[in-house]
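# Dropping the sequence and predicted coords here.
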Amino acid sequence: MAQRTPLNIAVVGHTNTGKTSLLRTLTHDTQFGEVDNGPGTTRQVTGAAHWLNDVIALVWFDTPGLEDSVALRDWVESPEPLSPINAKQVEALQTSHGSQTSNRLDGPQKIQRFLDSPLAQSRFEQEARVLEKVLSNDAALYVIDARDTVLAKHRDELSLLSACAKPVIPVLNFTSPASQGRASNVDEWLDVLARHALHVHVLFDTVSPALDAERGLFEALAQVLPKQRVLFAELIEQTQAARRARLTRGFELIAEMIVDLASWRSQTANNEAARLKAQASQQTRTREREQQCVDGLLLTYAFSRHDVLNMPLSLKEGRWETDLFAPEALREVGIELTKGAAAGALAGAAVDVFTGGLSLGTGTLVGAATGAGLQGLERWGGRLLGKVRGYRELTIDDAILKLLTLRQLQLLQALERRGHAAITPVSMQSNPSESLTSIPLETNSATDAATAVATQAKAFIQTVRLARQHPEWSSLQGTPNTSSARDRAIDVLTEAFEAGQSLNNV
């Protein structure tokens, strides 16, 4: 790719409207700048590179908030400056911009006159940093807190930015319904923007952005910078590809976890003490394997355990608050399992009886009770266990595996819709469904949605059944045998999860 000069985009707006938050979300960097609910958090201009195919395509500039736009506009538009200005400076400005035959300065000349004045270094120092950056950049994003009522200071900010004669894209932040308990005033803002000839705008909630928010922003920039349409088309393609890759990797991590746990067998002697010890060990290792999946998803989406998610089965410091094996956890997502089975956690438990005296051919019974509860298993196997000496080989119940899948898909959904500016927990509604996924299906009809859910359920059942026959696939028993068959099982489940997603319009 040939080297190109990066575009420079200034991110401006009134104090505390979400300028830094927007850049955190665009750069997928929770550590960029400083985000706080207090006013005037950003005091200096900070840059962030946006890469395209290993080349810097554009640079975002985070700027301080505009605070005293009313007084500044009075100064800028006053025929006689409120503080003395060298007449030669005015003449130089006129000459350099071809206005030597007129005593009037145009917008950029007025802004430059202000920047050259003492006030730019004192009373309006913060505003001077902003306007200087807008004048020198290719375009500006004007970030608006859509919950705010339009005031005189906002109108004056728009007039000052328009005077810079650079393309300005209004970005309306906090557009979600009743965002943080405050109603949005989007319609009022759109009317004011139209009065300032700003007809191209973007709705971009930095805390919970729409899945196509970045695309919409690049499309808006392409409208006001038509010579750069090819660049923005490439950025849109890269953004979509990155999102698809993250989502696929997320589904893959969940599928790997299910195959890992479904294929895992834990052996225990045939006595109560050994069984209880095995149960405790298997519960602990199952939780650890789920936590490994959680950490993988957080890493994939560039979040950390400190990005706490307030979920029905909630994470606290990156860990689930509700215990995986508690019966109420299963009921919360609409999966039925007996109390005894949930407490045992090993319910589905295939029982293998190794003996030399049982007339069953090979003397081994493998997976005979897959999918049954532990209490049911005791009833089923009691007659045999009284006749033979041997040990139990226990596996994780299907219901527990289904709950694990649901929890991770819920987490994936939350991460997909979580902006990197979010500093408060994300709330999600419980979906007590027996379908394998709670992620909204972006399909064209109810029939498509039902087909997608059925496809996922079928793939889940088949993958679990196959994995139970291959204990060598599980990493919990040492280094797994990463055979092509294991990889294919993971791929089948990953593809089934993807079948419920439509990325064509993202």
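In hand now; what should we look at?
# CA only for contacts and neighbour counts going forward, please
OK.
# quick one, strands of this structure?
All strands of the chain, identified by DSSP state E, fall at 7-13, 46-52, 55-62, 139-145, 168-173, 202-203, 266-269, 309-310, 315-316, 319-320, 391-394, 426-427.
# Could you list the low-confidence segments of the protein?
Residue ranges of the chain with pLDDT under 70: 1-3, 33-43, 80-103, 177-181, 308-322, 326-391, 424-455, 500-506.
# circling back: distance to residue 73 added to the strands of the chain, as JSON lines?
As requested, these are exported to JSON lines (distance: least, C-alpha to C-alpha, whole Å):
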{"stretch": "strand 7-13", "distance to residue 73": "15"}
{"stretch": "strand 46-52", "distance to residue 73": "25"}
{"stretch": "strand 55-62", "distance to residue 73": "22"}
{"stretch": "strand 139-145", "distance to residue 73": "17"}
{"stretch": "strand 168-173", "distance to residue 73": "18"}
{"stretch": "strand 202-203", "distance to residue 73": "26"}
{"stretch": "strand 266-269", "distance to residue 73": "75"}
{"stretch": "strand 309-310", "distance to residue 73": "44"}
{"stretch": "strand 315-316", "distance to residue 73": "49"}
{"stretch": "strand 319-320", "distance to residue 73": "52"}
{"stretch": "strand 391-394", "distance to residue 73": "76"}
{"stretch": "strand 426-427", "distance to residue 73": "40"}
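# Out of those strands, which is closest to residue 461?
Residue 461 lies closest to strand 391-394 among these, at 18.4 Å (C-alpha to C-alpha).
# tell me which strands and helices the closest one is in contact with?
Strand 391-394 sits against strand 266-269, with contacts defined as 3 or more C-alpha pairs under 8 Å, 6 or more residues apart in numbering; DSSP states H and E.
# Can you pull the domain assignment for this structure?
7-224, 244-499 (automatic domain parsing).
# Straight-line length of the last one, end to end?
What it means is domain 244-499. Counting by C-alpha to C-alpha, to the nearest Å, you get 13 Å between the two ends of domain 244-499.
# what do you get for the first one?
End-to-end distance of domain 7-224: 13 Å, with C-alpha to C-alpha as the criterion.
# distance of residue 247 from residue 150?
Residue 247 is 39 Å from residue 150, by C-alpha to C-alpha.
# quick one, which of these two is more surrounded?
More neighbours surround residue 247 than the other of residue 247 and residue 150, with 23 against 15 (other C-alpha atoms under 10 Å).
# if I pick that one, what's in contact with it?
412, 416 (C-alpha atoms under 8 Å, 6 or more residues apart in numbering).
# and what of the one 3 residues further on?
For residue 250, the contacting residues are 296-297, 300, 412, taking C-alpha under 8 Å, 6+ apart as the criterion.
# Tabulate these in CSV, adding columns for neighbour count.
Output for the contacts of residue 250, formatted as CSV (neighbours: other C-alpha atoms under 10 Å):
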residue, neighbour count
296, 18
297, 25
300, 18
412, 23
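# Name the nearest of these relative to residue 118.
residue 300 (49.3 Å).
# And the closest one, how close does it get to residue 131?
37 Å.
# what's the closest of the strands of the chain to residue 482?
Using C-alpha to C-alpha, these put strand 266-269 closest to residue 482, at 19.8 Å.
# Please name every helix or strand in contact with that closest one.
Looks like strand 266-269 contacts helix 272-300, strand 391-394 (3+ C-alpha pairs under 8 Å, 6+ apart).
# export these to JSON lines and tack on distance to residue 48?
Converted to JSON lines, those look like this (distance: least, C-alpha to C-alpha, whole Å):
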{"stretch": "helix 272-300", "distance to residue 48": "21"}
{"stretch": "strand 391-394", "distance to residue 48": "53"}
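# okay, the ones you listed, which one's buried deepest?
Of all the helices and strands packed on strand 266-269, strand 391-394 has the most neighbours on average by mean count of other C-alpha atoms under 10 Å, namely a mean of 22.
# Sheet-wise, list the partners of that one with their directions.
strand 266-269 (antiparallel) (DSSP bridges).
# Sort out which residues of stretch 125-139 are buried, please.
126-135, 137-139 (16 or more other C-alpha atoms under 10 Å).
# May I see those residues arranged in a markdown table, with distance to residue 56 as well?
As requested, the buried residues of stretch 125-139 are exported to a markdown table (distance: C-alpha to C-alpha, whole Å):
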| residue | distance to residue 56 |
| --- | --- |
| 126 | 28 |
| 127 | 28 |
| 128 | 27 |
| 129 | 24 |
| 130 | 23 |
| 131 | 24 |
| 132 | 22 |
| 133 | 19 |
| 134 | 20 |
| 135 | 21 |
| 137 | 15 |
| 138 | 15 |
| 139 | 17 |
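# and those, which two are the farthest apart?
Going by C-alpha to C-alpha, the pair spanning these furthest: 126 and 138, at 20.3 Å.
# Can you verify my assumption that residue 157 contacts residue 69?
Yes: counting by C-alpha atoms under 8 Å, residue 157 touches residue 69, with 5.6 Å between them.
# Show me the buried residues of stretch 125-139 that map onto helices.
Among the buried residues of stretch 125-139, the members found in helices (DSSP state H) are 126-135.
# Mind putting those residues into a markdown table with distance to residue 47?
Below are these laid out as a markdown table (distance: C-alpha to C-alpha, whole Å):
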| residue | distance to residue 47 |
| --- | --- |
| 126 | 16 |
| 127 | 17 |
| 128 | 17 |
| 129 | 13 |
| 130 | 13 |
| 131 | 16 |
| 132 | 14 |
| 133 | 11 |
| 134 | 13 |
| 135 | 16 |
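# Thanks a lot, see you next time.
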